[in-house]
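Engineer: got a sequence here, can you build the structure:
(2 chains)
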Amino acid sequence: MPSKLIGLIFVWMIAAAQVFSAQAQSPQAPAAPGQPAPQTSTAVPQQTLPAPAQPTVEPTAPPQKTLAIVVLDPAHGGADLGARGSSGISESDVVLSFARLVRISLEAQGLRVILTRQANDDPSFDDRSRMANAQRGDVFITLHVSSTGQPGTVRVYSMAQMALPQKSAFASRSGLLPWDRAQFSFIEQSRRLAELIQIQMAQRFRGSSETPFEAPVRQLRTVGAPAVAIEVSSVSVPDRAPLDQMGPGLADGVARAVAAFRTIYEAGGK
Amino acid sequence: MKPEASNALSKGLKTTILILCALVALGLVTLPGLRQAVQRLRSTPKTEEQARREVMQEPISTPTDVQVQAQMFWLSAAAPTSLEATAIQLPLSADSVERSKQLLNALIARVPAPEKRTLPAEASLLAFYIQPDGTAIADFSDEISSGMPSGILSEQLAVQSIAQTLGANVAGIRQLKILVHGQEAETLAGHLGLYGFFPVSSGAPAAAPSNSSTPSSGKQGTH
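Structural biologist: Numbering: from 1, shown residues only, chains lettered A, B, ... in the order given. Have a look, this model is predicted:
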């Protein structure tokens, strides 16, 4: 009798376990009418960017209608001083002060500004790109001071067109862009932004070119947004005063160019 | 204190003093020799890398060398933000790989004036290959990065001086890959990406890098 009772309890426990298991595996209830369908686990996250170990960025989006954010990148920082002049001027210090001025001018245009560094730290190239790639409707501007070149002039670069390595099978299937070629969907827009900034620089700084330049700048390559590099020449000046004097003109010119670019960008043009 | 203990202490003390004196004397005897050895080391601080570089920078000569008017691309004295061609007499090999090595060594060592320099004086070419598809691979020592003036402009001009010099003097090179000490470096000196392949135009200035396939294992030439 007790053994029969134990057997019955055992059978009941197995049956209960099967019922619970079946409930756990049942599909989710469909969304109620008017309610958004729940995201499945296979959906591409909207703002999450993979680390370089997973070298992809979000799918190439159609041109954004709103440009609201500028990611400003004072290059170098920390132990990496960048270009150094014989008088002790370091590129990392100068670009940080430039970035602060440019930020004020851009904010006056109603734009939100994100600095990739606010102090003497040195995020990696990919960390800086990640800050830009995590935004929607942004442009990326990296600021540099050269160690050579004509003092008092400014050169604006967009990414040079490059033939690309074969896409990975994963990227082709998923529609994602590999991280290492994120910029290549934005080359035309970047070139247009570079043109607008370079024109502003030519008007303010005598000797500056009226047409922008192209170069395979490392920082630009992994940015999935219109992106330019601005190089102010040069740290070879005897003291920092001439460089500092360029700051307000640089800031005003960049802000005006970005405002002009916003109009083109929001109209869907290149 | 007991006299025996005092005697033992004084004996120990005497022994210690004797040993110390002996050590000082030994030191005095060996000191000049040590000083000479230190001076010798100071006067010849050759590291393995330096010794290797000296060997690599020996002028390369091959049986097919012919004196030719080579077009070298260095900075323009009038406009230092651009390159200009300078013709110099160089013995150049008929073999493309050897010829390229001779040219790149001259590009570093035969600069007519310091202000025209595009590549650091202490940099050296460690290896050079040309693949069957016309891809040239130039492997430079670390000094190509550490000695390079930092900046987009200076780094771009450095790469262009290499690409244009090869394009003007060596037939069959289509594109160029730059390695630093055998590795694919992220940048040349903090700005210019070395990710791709730089186009080499025969007899025409090369501008931006192109990027095609990754280097295959097929190689021409040797270290």
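
Engineer: and the helix or strand hosting residue B:107, what's its mean pLDDT?
Structural biologist: Using DSSP states H and E, residue B:107 sits in helix B:96-109. Helix B:96-109 carries an average pLDDT of 97.

Engineer: helices and strands around that helix, which ones?
Structural biologist: Where contact means 3 or more C-beta pairs under 8 Å, 6 or more residues apart in numbering or on different chains; DSSP states H and E, helix B:96-109 is packed against strand B:66-75, strand B:83-92, strand B:125-130, strand B:135-140, helix B:152-169. In this view, the C-beta of every residue, glycine as well, is placed from N, C-alpha and C.

Engineer: try it again at 6 Å.
Structural biologist: Using 3 or more C-beta pairs under 6 Å, 6 or more residues apart in numbering or on different chains; DSSP states H and E, the elements in contact with helix B:96-109 are strand B:83-92, strand B:125-130, helix B:152-169.

Engineer: what angle separates that helix from helix B:152-169?
Structural biologist: 140 degrees (axes from the mean of the first three to the mean of the last three C-alpha atoms, to 10 degrees).

Engineer: residues of helix B:96-109 that come out buried?
Structural biologist: B:96-108 (16 or more other C-beta atoms under 10 Å in any protein chain shown).

Engineer: re earlier: out of the helices and strands packed on helix B:96-109, which comes closest to chain A?
Structural biologist: helix B:152-169 (4.4 Å; C-beta to the nearest C-beta).

Engineer: tilt between the helix or strand following that closest one and strand B:135-140?
Structural biologist: Later in the chain than helix B:152-169, the nearest helix or strand by DSSP H and E is strand B:175-180. Angle of strand B:175-180 versus strand B:135-140, following the same axes, to 10 degrees, is 20 degrees.

Engineer: okay, the angle between strand B:175-180 and strand B:125-130?
Structural biologist: Using the same axes, to 10 degrees: strand B:175-180 against strand B:125-130 is 150 degrees.

Engineer: the residue in the stretch 1-150 of chain A that chain B sits nearest to and residue B:147: what is the separation?
Structural biologist: Across the stretch 1-150 of chain A, the shortest distance to chain B (C-beta to the nearest C-beta) belongs to residue A:146, at 3.6 Å. Applying C-beta to C-beta, to the nearest Å, the value for residue A:146 to residue B:147 is 16 Å.

Engineer: kindly report the same for residue B:97.
Structural biologist: Counting by C-beta to C-beta - residue B:97 and residue B:147 are separated by 25 Å.

Engineer: local confidence estimate at whatever residue of the stretch 101-250 of chain A ends up closest to chain B?
Structural biologist: Proximity of the stretch 101-250 of chain A to chain B (C-beta to the nearest C-beta) peaks at residue A:160, 3.1 Å away. As summarised for this prediction, residue A:160 has a pLDDT of 92.

Engineer: cool, and residue A:68?
Structural biologist: Residue A:68 is given a pLDDT of 94.

Engineer: residues touching it, list them.
Structural biologist: Going by C-beta atoms under 6 Å, 6 or more residues apart in numbering or on different chains, residue A:68 touches A:112, A:137.

Engineer: and what of the one 10 residues further on?
Structural biologist: Neighbour list for residue A:78: A:121-122 [criterion: C-beta under 6 Å, 6+ apart].

Engineer: below-threshold pLDDT in chain B: ranges please.
Structural biologist: B:1-9, B:40-58, B:203-223 (pLDDT under 70).

Engineer: domain map for it?
Structural biologist: B:3-45, B:54-199 (automatic domain parsing).

Engineer: distance check, residue A:74 against residue B:194.
Structural biologist: 23 Å.

Engineer: likewise for residue A:196?
Structural biologist: 29 Å.

Engineer: contact residues of the stretch 1-150 of chain A facing chain B?
Structural biologist: Residues of the stretch 1-150 of chain A lying near chain B by C-beta under 6 Å from any C-beta of the partner chain: A:82-83, A:146-149.

Engineer: just the ones of these in strands?
Structural biologist: residue A:146 (DSSP state E).

Engineer: compare the residues of the stretch 1-150 of chain A next to chain B and tell me which has the most neighbours.
Structural biologist: If you count neighbours using other C-beta atoms under 10 Å in any protein chain shown, the busiest of the residues of the stretch 1-150 of chain A next to chain B is residue A:83, which has 30 neighbours.

Engineer: you'd agree that one is up against residue B:149?
Structural biologist: No - with contact defined as C-beta atoms under 6 Å, residue A:83 does not count as touching residue B:149 (7.0 Å).

Engineer: spit out the residues that contact those two alike.
Structural biologist: residue A:147.

Engineer: any stretches of chain A with poor pLDDT?
Structural biologist: Ranges of chain A meeting pLDDT under 70: A:1-64, A:162-175, A:269-270.

Engineer: just the element for the nearest residue in space to residue A:200 that is not next to it in sequence, please.
Structural biologist: Take residue A:200 and drop its neighbours on the chain: the residue closest to it by C-beta to C-beta, 6 or more residues apart in numbering or on different chains is residue A:253, 3.4 Å away. According to DSSP H and E, residue A:253 maps onto helix A:241-266.

Engineer: ok, now which ones touch the closest residue to residue B:191 other than its chain neighbours?
Structural biologist: Spatial nearest neighbour of residue B:191, excluding adjacent residues (C-beta to C-beta, 6+ apart): residue B:152 at 4.6 Å. Residue B:152 makes contacts with A:157, A:215, A:217, A:231, B:191, as judged by C-beta under 6 Å, 6+ apart.

Engineer: the longest helix in chain B is where?
Structural biologist: Assignment by DSSP state H gives helix B:3-43 as the longest helix of chain B.

Engineer: distance from the chain centre to that helix, please.
Structural biologist: Put simply, helix B:3-43 sits 46 Å off its chain's centre (C-alpha atoms, centre = their mean, to the nearest Å).

Engineer: which other helices and strands contact it?
Structural biologist: Secondary elements touching helix B:3-43 (3+ C-beta pairs under 6 Å, 6+ apart): none.

Engineer: ok, back up a step: turn the contacts of residue B:152 into a markdown table, including neighbour count and secondary structure.
Structural biologist: Formatted as a markdown table, the contacts of residue B:152 follow (neighbours: other C-beta atoms under 10 Å in any protein chain shown; DSSP: H, G, I helix; E, B strand; the rest coil):
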| residue | neighbour count | secondary structure |
| --- | --- | --- |
| A:157 | 28 | strand |
| A:215 | 25 | strand |
| A:217 | 28 | strand |
| A:231 | 28 | strand |
| B:191 | 29 | coil |
